[in-house]
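Undergrad: Just to be clear, the model below is a prediction. Sequence and coordinates:
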Amino acid sequence: MTNPSSGRARDPVEKLARAQLIQRLREAEASLDAVHDGSDLKSTKARLAEEIEARARAEGDFQLALDAAGMGSWELFLATGAIRRSLRHDQIFGYGGLQLSWYLNTTVEHFLADDRSLVEHEFAQAEFTGSVDVEARIRRASDGEIRWVHVSGQTLYAEEAPTRIAGVIADVTHRRAVEERLRQAQKIEAIGQLTGGVAHDFNNLLQVISGGLQIMGRPGDPAGRERVFNAMKQAVERGTSLCRQLLAFARRQPLRPEPVDLNRLIVGMRELLDRSLRGDVQFQSEFAEDLWPVEVDPGELELVILNLAVNARDAMPTGGIVTISAYNSPALADHELTGDFVRLDITDTGMGMAADVLSHAFEPFFTTKEAGKGSGLGLAQAHGFARASKGAVRIDSTLGHGTRVSLFLPRTLKTPASSADPMIDRSPETTVASAGQVLLVEDDDEVAALTVEMINQLGYDTTRVASAEAALGALADKRAIDIVLSDVMMPGRMNGVDLAQEIRRRRPHLPVLLTSGYAEAASRSAAAHQIRIIPKPFRMEELREALATVTREHARQTL
């Protein structure tokens, strides 16, 4: 029963113990004998007996429910510090039966020394907060074993004064152990996800550098060597950016904030963003004319924007629009932000997120991409960057209606430098895309550029496409393709294994060789369909042998 005026639980004086009720019954009998006849006395006795029985049943049912849940009940009388308990309460503390007396100090003394101050504080504050809720460790009296217990209770008041605290206690050691095992399993899964994603990205970079070094050591035309050099340089820059992303997430990379003109920064990133998006993804930007400058680390902001743009691209497997917009948000005042901010939105027209996915979006290592295709750090890094920059990041998404990620960055009154030194290399790259015998399917531009040079060095001509859908389109026009070399993991609805199966259906005489920087996961799927796979990074001799072998094997199979 709650006191409406104070919101506190009232101590019900009418709730009497069984012994008190019996005493009241005897007193009533004596009084009624003097003033009533026998029939009135019998009626009164019967009514009181029924009340006693009903209360006894209620108490018994309550204690039975507590026993079934493994809980013990307790009741602390604040005036004396004495605690009335159930048998299960004392058993949880390691006693075979009810102890003769028990006080609040008795309870506190059973807790480990490191946890006693927490328990004492909870009980001391309960008179003001109205409740006790604490988990801590006790040393069981019977065997000295350390156990986790959960103590919870409610303070009861009479005329605004606290009188009692009544509650329950439960041994939660097993639950804590299960939760710890679950946390460990989640950590292992997260590490595996991170390892797979980073391994995939770094194997692509190593493929560029490994293949480039091999080509640089061979005689060739100057234009080809220049393409190799540019691709290797960009691979190093990408590796540096990936390391910066990991270090920023691990909080080992200090931020270097400076005044930044967002309009100028995005314009400077335009070519990089265009290269990072597919041909079926349009990019557009919208900026307020009087946009305030912000004070952030420009290199980290570029990395965040690039990651969010790539996420937006991957959320639109059939194409769409990525829009980057920015406008002023003056005088914000909520639980997270206070003051003047600039809101930077990255919006896509993609698949959107379901509510259960959205609730985990900023968690480290969380990703909806397949194994090895991303580390799950992009949104987590954006969140960490925003918080470290004294701002915030928020996400709005509806399944089937796209996603908007909003970065709130603090306004600065400082003037940005007139020219910015780009933190990410944006030098253009050239990709050979002439008609030829090998159809290369690779979404990574740097890997594609180096692989084209390696194939050309081996005497093949090459046509490069960036997706399985584009590869099927190239085959549909009856081009003279002798072999298809495809990455396993690509954007879109089809991966390399799906592409190989579709090619077998459409052109059964055309051999297919797959390659992947995450070979262990890909090889199982490829082996199940008897498709040959070569892991990245591969050497030129390995590529030569793999191309020749798959061609010979396919020729024998089609005889």
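TA: Here it is on my side, so go on.
Undergrad: so Ile533 touches Thr515, yeah?
TA: Yes: contact criterion CB atoms under 8 Å: Ile533 and Thr515 qualify, at 6.7 Å. C-betas here are computed from N, CA, C, even on glycine.
Undergrad: okay, and the common contacts of those two?
TA: Between them, Ile533 and Thr515 share these contacting residues under CB atoms under 8 Å, 6 or more residues apart in numbering: Val488.
Undergrad: tally of neighbours for Ala124?
TA: Ala124 has 12 neighbours, counted by other CB atoms under 10 Å.
Undergrad: State the pLDDT value of it.
TA: As predicted, Ala124 sits at a pLDDT of 90.
Undergrad: Please apply the same query to Gly94.
TA: Looking at Gly94, its pLDDT reads 94.
Undergrad: what residues are up against it?
TA: 140-143, 145.
Undergrad: Equivalent analysis for His401, please.
TA: By CB under 8 Å, 6+ apart, the residues touching His401 are Gly352.
Undergrad: Need the pLDDT of it.
TA: With respect to pLDDT, His401 scores 86.
Undergrad: Mind checking what secondary structure it has?
TA: Recorded secondary structure, His401: coil (DSSP: H, G, I helix; E, B strand; the rest coil).
Undergrad: Adjust the sequence numbering to begin at 27 for everything that follows.
TA: From this message on, residue numbering opens at 27, which makes the last subject His427.
Undergrad: Next, the closest residue to Leu569 other than its chain neighbours: phi, psi?
TA: Distance criterion CB to CB, 6 or more residues apart in numbering; nearest residue to Leu569, sequence neighbours excluded, is Met480 at 5.9 Å. Here is the backbone geometry of Met480 (degrees, to the nearest 10): phi -60, psi -40.
Undergrad: again, but for Phe154
TA: phi -100, psi -40.
Undergrad: ok, it - how many residues close by?
TA: 8.
Undergrad: Look up how far Ala167 lies from it.
TA: Shown here: Phe154 relative to Ala167, a distance of 31 Å by CB to CB, to the nearest Å.
Undergrad: same thing with Leu327?
TA: Distance from Leu327 to Ala167, by CB to CB: 59 Å.
Undergrad: So these two - more neighbours on which side?
TA: Shown here are Leu327 and Ala167; by other CB under 10 Å, Leu327 has more neighbours (26 against 14).
Undergrad: From the chain's centroid, how far away is stretch 569-581?
TA: Put simply, stretch 569-581 sits 43 Å off its chain's centre (CA atoms, centre = their mean, to the nearest Å).
Undergrad: Kindly report the same for stretch 559-577.
TA: Stretch 559-577 has its C-alpha centroid displaced from the chain centroid by 37 Å (CA atoms, centre = their mean).
Undergrad: Pull the residues that contact it.
TA: Contacts of stretch 559-577 (CB under 8 Å, 6+ apart): 229-230, 232-233, 235-237, 240-241, 464, 473, 480-481, 483-484, 486, 508-509, 511, 514, 537-543, 545, 548-549, 552-553, 558.
Undergrad: Out of the residues you listed, which end up buried?
TA: Applying 16 or more other CB atoms under 10 Å to the contacts of stretch 559-577, the neighbour count classes 229-230, 232-233, 235-237, 240-241, 464, 473, 480-481, 483, 486, 509, 511, 514, 537-543, 545, 548-549, 552, 558 as buried.
Undergrad: The residue nearest to Leu569: what's it in contact with?
TA: Counting by CB under 8 Å, 6+ apart, the residues that Met480 touches are 237, 240-241, 566, 569.
Undergrad: Sort out which one of the residues you listed lies nearest Arg114 for me.
TA: For those, the closest approach to Arg114 (CB to CB) belongs to Gly237, at 70.5 Å.
Undergrad: right, and the secondary structure at the closest one would be what?
TA: Gly237 - assigned by three-state DSSP - is helix.
Undergrad: Work out for me the element the closest residue to it other than its chain neighbours sits within.
TA: Nearest non-adjacent residue to Gly237, counting by CB to CB, 6+ apart: Leu476, 4.2 Å away. Here Leu476 is covered by helix 471-483, with elements defined by DSSP states H and E.
Undergrad: Please identify the buried residues of stretch 304-319?
TA: For stretch 304-319, a neighbour-count test (16+ other CB under 10 Å) marks 304, 306-307, 309, 311, 313, 317-319 as buried.
Undergrad: avg pLDDT for that stretch?
TA: Mean per-residue pLDDT for stretch 304-319: 87.
Undergrad: hmm, who's touching it?
TA: Applying CB under 8 Å, 6+ apart, the external contacts of stretch 304-319 come out as 285-289, 292-293, 296, 299-300, 303, 335, 339, 342, 344-354, 366, 368, 437-438, 440-442, 469, 492-493, 517.
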